[in-house]
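Novice: Predicted model, plus sequence, below.
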Amino acid sequence: MTRRVTVRCLALLVLAAGAGCAADQAYIAEIQKWRQENDEFLSSEKSPLRLVGRFQVAEGVSTLGSDPASTIVFPDRAPKQIGTLTRHDKTFSFEAVTGTSVTVNGQPLSGSASLKVVKPPASSDRIGTGDFLFAIRPLGGDYYLLLQDSQSSYLREFKGSTWFPIDAASKWKRSSVRIRSKRKSRYLTRVVRLRSSQLRAISCSNSWGRRCD
């Protein structure tokens, strides 16, 4: 009888260990997938590594180009004169210089065009010339020209991220417990468990949803 119990206990331990290993492998695979997707994003057309300039757009007319006399000066590889950007309060238009190849949202532009300027995640109109692409965005109560370069040195020098080794033993598990107080505030206790320790953090918000920690 004792021997049967011992065998069953050993079998259960083996199964538990196997389940733990499978969970660890799934966790490691999930992290590896996220890391790969992160590097792919940093190498893509939407990569923040393409951003090479942010310029506040003043009211009135601004000239654009690599000419040092321009209102907004582009890198040397850009055309000397690209065009003029006109701002009237929240309304923007762009007029290309004759002889400079310019596109708006991938379509050739000749003459001038009104520009759509919106907050993220919606897309503002994107103006392109050569390796450069720019758009106007409302940021912090004002408007800025965000300039991207497909040949950015940051992008060219990016060879992939450097990561720490994945330690499945440090996997985080979080649970939440809601407690109501007499003051009608909502307290949320977050319990973060690692395999070797437990951390507890308490944050709260009042009945209007404002944080009070």
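Specialist: Sure, I can see it. Predicted model only: the values in this text are computed from it and were never measured.
Novice: Just the helices from this protein, written as ranges.
Specialist: Secondary structure of the chain by DSSP state H: the helices cover 2-42, 153-157.
Novice: How about the contacts made by the residue nearest the centre of the chain?
Specialist: What sits nearest the mean C-alpha location of the chain, by Cα atoms, centre = their mean, is Pro48, with 7.7 Å. By Cβ atoms under 8 Å, 6 or more residues apart in numbering, the contact set of Pro48 is Leu42. C-beta: built from backbone N, CA, C; applies to glycine.
Novice: buried set for stretch 46-62?
Specialist: Neighbour counts using 16 or more other Cβ atoms under 10 Å place 47, 49-50, 52-53, 55, 57, 62 of stretch 46-62 among the buried residues.
Novice: Which residue, other than its chain neighbours, is closest to Ala135?
Specialist: Ser124 (4.3 Å; Cβ to Cβ, 6 or more residues apart in numbering).
Novice: Let me know the pLDDT of the one you found.
Specialist: pLDDT recorded at Ser124 is 96.
Novice: And it, its phi and psi?
Specialist: The phi/psi pair for Ser124 (degrees, to the nearest 10) reads phi -80, psi 160.
Novice: What's the separation between it and Phe158?
Specialist: In this view, Ser124 and Phe158 are 25 Å apart by Cβ to Cβ, to the nearest Å.
Novice: who's more crowded, these two?
Specialist: Taking other Cβ atoms under 10 Å, Ser124 and Phe158 do not tie; Ser124 has more neighbours (20 against 14).
Novice: Test my guess that that one contacts Leu133.
Specialist: No. Taking contacts as Cβ atoms under 8 Å, Ser124 lies outside contact range of Leu133: 11.3 Å.
Novice: And Lys116, how close does it get to Asp125?
Specialist: 5 Å.
Novice: again with Cys21
Specialist: On the measure of Cβ to Cβ, Cys21 and Asp125 end up 53 Å apart.
Novice: the more surrounded of the two?
Specialist: Asp125 (17 against 11).
Novice: State the distance from the more buried one to Trp163.
Specialist: In terms of Cβ to Cβ, Asp125 sits 37 Å off from Trp163.
Novice: just Glu30 next, same as before
Specialist: Distance from Glu30 to Trp163, counting by Cβ to Cβ: 14 Å.
Novice: Same question for Val104.
Specialist: Relative to Trp163, Val104 is positioned 40 Å away (Cβ to Cβ).
Novice: quick one: which of those two has more around it?
Specialist: When Val104 and Trp163 are compared for neighbours, Val104 comes out ahead with 17 against 11, by other Cβ under 10 Å.
Novice: Identify the bridge partners of the more buried one.
Specialist: According to DSSP bridges, the residues that bridge with Val104 are Gln107, Ile127.
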